[in-house]
Structures are given as structure tokens and as C-alpha cells.
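[1] Could you look at this predicted model? Sequence included:
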Amino acid sequence: MIVNFIIGAIIAAVVGFALYEARRKRMMEAAGRVLVEVNAVWAVQGPFKNGAESARALKIATIAVRGAESILTPSTAGLLAKHAASYDSQVMIWESLRQDYLVHADGQKFEENLAKAVELGAAAKLKKTSLQKSRKN
């Protein structure tokens, strides 16, 4: 009886751990996709004159992809607050990242996020770019 209980407990622990890991992996993949979506919308708003302009674009991209409530979380608000200084101190690195994320600036989901960003006041050049794209289609 005790042996059956121990075996059952071990099996339950292994199954529980496997389910936890599978869920954690799915959540990490989803977070990665959201990060790419945000950064693609941020990237098309550049190049940026300075960190303040980049931070504004990142805030708009975050709201467009994740919703207005997302910038109220302490972690996101903290990242947005630190972005301008980081950008100003490492312009070349940020520009390189921006170029890398431009590869992801396509597809229906991106276009939907971009439309939201334009509504939120993304750079005027975005409106022109979006209109030019839509006229070609």
C-alpha cells in the first residue's frame, strides 16, 4: 500500500513537472512573439534622432501590440522609462537592432499593429508609408 502511494506520488510529480515545463515553454514562446511584434512596429518608426524619440515610438508600439494597460505594469513602465537613456548611450547598437527587426515588419498581424500605431500618433512618415503601401495593393 505504501509502495503504491510512493509510486503514485512520484508519477504525479513527474507529470506535474512535465505539464509545468510545457506551459512555461508555451508562455516563453508567446512572449517572444509579442516582443518581435512590438519591436517590428517600433523599428518602422525609425530611424530616430535621439532616445526620447525612440522611447516615444517604443511606447506607441507597445500600446499598439499589447494594449494601453500594458504600459501600466511596473516592469514595462520601467523599461520604457530607461529606454531613452539606453538609446542615447548606445545609438549604434539600437540602430542595428532596429534594422534587424525590420525583417519582421510584414504580414497581416504587423499591418494591424501598424494601423493601431498610426492611430495612436506614430510618426507622420508612417502614415505616408502605409498609404503608399495600400495604394500599391
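    Good, I have the coordinates.
[2] centre of the chain versus the helix or strand hosting S86, how much separation?
    Element membership of S86, judged by DSSP states H and E, is helix 74-89. In terms of CA atoms, centre = their mean, to the nearest Å, the centre of helix 74-89 is found 14 Å from the chain centre.
[3] ok, and what's touching stretch 80-91?
    48, 50-52, 54-55, 58-59, 62, 71, 94 (CB atoms under 8 Å, 6 or more residues apart in numbering). From N, CA and C alone the C-beta is placed, and that goes for glycine too.
[4] Go ahead and build a ChimeraX selection from the buried members of the residues you listed.
    In ChimeraX, a selection of the buried entries from these looks like this (16 or more other CB atoms under 10 Å):
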select :48,51,54,55,58,59,62,71,94
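[5] Need the per-residue pLDDT for the closest residue in space to A52 that isn't next to it in sequence.
    Leaving out its chain neighbours, the residue that sits closest to A52 by CB to CB, 6 or more residues apart in numbering is A84, at 5.0 Å. Among the per-residue scores, A84 holds a pLDDT of 91.
[6] Can you tell me how far A84 is from A12?
    49 Å (CB to CB, to the nearest Å).
[7] Find the residue at the geometric middle of the protein.
    L35 (2.4 Å; CA atoms, centre = their mean).
[8] follow-up on the earlier one: count the residues that sit near the residue nearest to A52.
    Using other CB atoms under 10 Å, A84 has 18 neighbouring residues.
[9] what do you get for I11?
    Neighbour count of I11, defined by other CB under 10 Å: 10.
[10] what's the answer for the one 5 residues further on, then?
    Counted with other CB under 10 Å, the burial measure for G16 works out to 10 neighbours.
[11] Neighbours of W42, how many?
    W42: 29 surrounding residues under other CB under 10 Å.
[12] Might you report the residue contacts of it?
    Per CB under 8 Å, 6+ apart, neighbours of W42: 54, 57-58, 60-61, 98, 101.
[13] swap in S96?
    Counting by CB under 8 Å, 6+ apart, S96 touches no other residue.
[14] Out of the helices and strands in the protein, which is least certain?
    Scoring the helices and strands of the chain by mean pLDDT, DSSP states H and E places helix 124-136 at the bottom, with a mean of 47.
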